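K.L.:
got a sequence here, can you build the structure:
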Amino acid sequence: MKKIIKVVLLFTSIVSAEGMFSIGHKNFGLTVGQDSAYGNNYTVLGVNANYFVVDNLALGASYSQWLGDDPSIGQVTVPVTYFIPLTSVFRPYVGGFYSHTFMGDDGQGNDYNDYDSYGGRVGVSMMTSGSSYVSLGWVQEFSDNGTSTQSRGYPEFSAGISF
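P.N.:
The predicted structure follows:
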């Protein structure tokens, strides 16, 4: 049993040190999605950047803009994501994040309050080449506007490059 554990730990350390998930690598991604809020439908476009502070652990920042209706919505997010080094092609991930959402008016004089949210994400990233990836996962987000706490879950898809 100890030999099996040693082999698994050795393999994990070899896999974790390779490729775009190793310390010092940076990746940039684009996010495209659909969401609804305040009775309106939005197209969500985003850009994100991550830096691997240690093998398989990324700290990042992202910005997304919700387009197509009023009120205008922009969101800044700070994520922390750990990529589980199971294989060199597929990497399941788990992470947490904090977001601040900037709310505009609805064009009819109604102002909306900015708010904060936090949550977690799980999914899998697939390396499509030595420097690119695609990811598919699930996000669970919690927000508190001071009078009530809300929770919502949604799928996420992203693609990016690393160097």
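K.L.:
only C-alpha atoms for contact and neighbour calcs from this point on.
P.N.:
Fine.
K.L.:
just the strands from this structure, written as ranges.
P.N.:
Using DSSP state E, the strands of the chain run over 26-37, 40-54, 57-67, 73-83, 90-103, 115-129, 132-144, 149-162.
K.L.:
pLDDT of the second one, averaged?
P.N.:
Spelled out, it's strand 40-54. Averaged over strand 40-54, pLDDT sits at 94.
K.L.:
and the contacts of it?
P.N.:
With Cα atoms under 8 Å, 6 or more residues apart in numbering as the test, strand 40-54 has contacts from 21-36, 58-70.
K.L.:
just put the strands of the chain in JSON lines and tack on mean neighbour count.
P.N.:
Formatted as JSON lines, the strands of the chain follow (neighbours: other Cα atoms under 10 Å):
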{"stretch": "strand 26-37", "mean neighbour count": "16"}
{"stretch": "strand 40-54", "mean neighbour count": "17"}
{"stretch": "strand 57-67", "mean neighbour count": "19"}
{"stretch": "strand 73-83", "mean neighbour count": "19"}
{"stretch": "strand 90-103", "mean neighbour count": "18"}
{"stretch": "strand 115-129", "mean neighbour count": "17"}
{"stretch": "strand 132-144", "mean neighbour count": "17"}
{"stretch": "strand 149-162", "mean neighbour count": "15"}
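K.L.:
what sits against the spatially most central residue of the chain?
P.N.:
Centroid-nearest residue in the chain, with Cα atoms, centre = their mean: Pro79, separated by 6.2 Å. Applying Cα under 8 Å, 6+ apart to Pro79 gives the contacts Leu59, Gly60, Ala61, Gly95, Gly96, Phe97, Tyr98.
K.L.:
how many neighbouring residues does Met20 have?
P.N.:
For Met20, the count of nearby residues is 24 (other Cα atoms under 10 Å).
K.L.:
that one against Ser131, yeah?
P.N.:
Yes - counting by Cα atoms under 8 Å, Met20 does reach Ser131; the two are 6.5 Å apart.
K.L.:
number of residues surrounding Ile23?
P.N.:
18.
K.L.:
Gly120 touches Ser99, doesn't it?
P.N.:
No - the criterion here is Cα under 8 Å, and Gly120 misses it with Ser99 at 11.2 Å.
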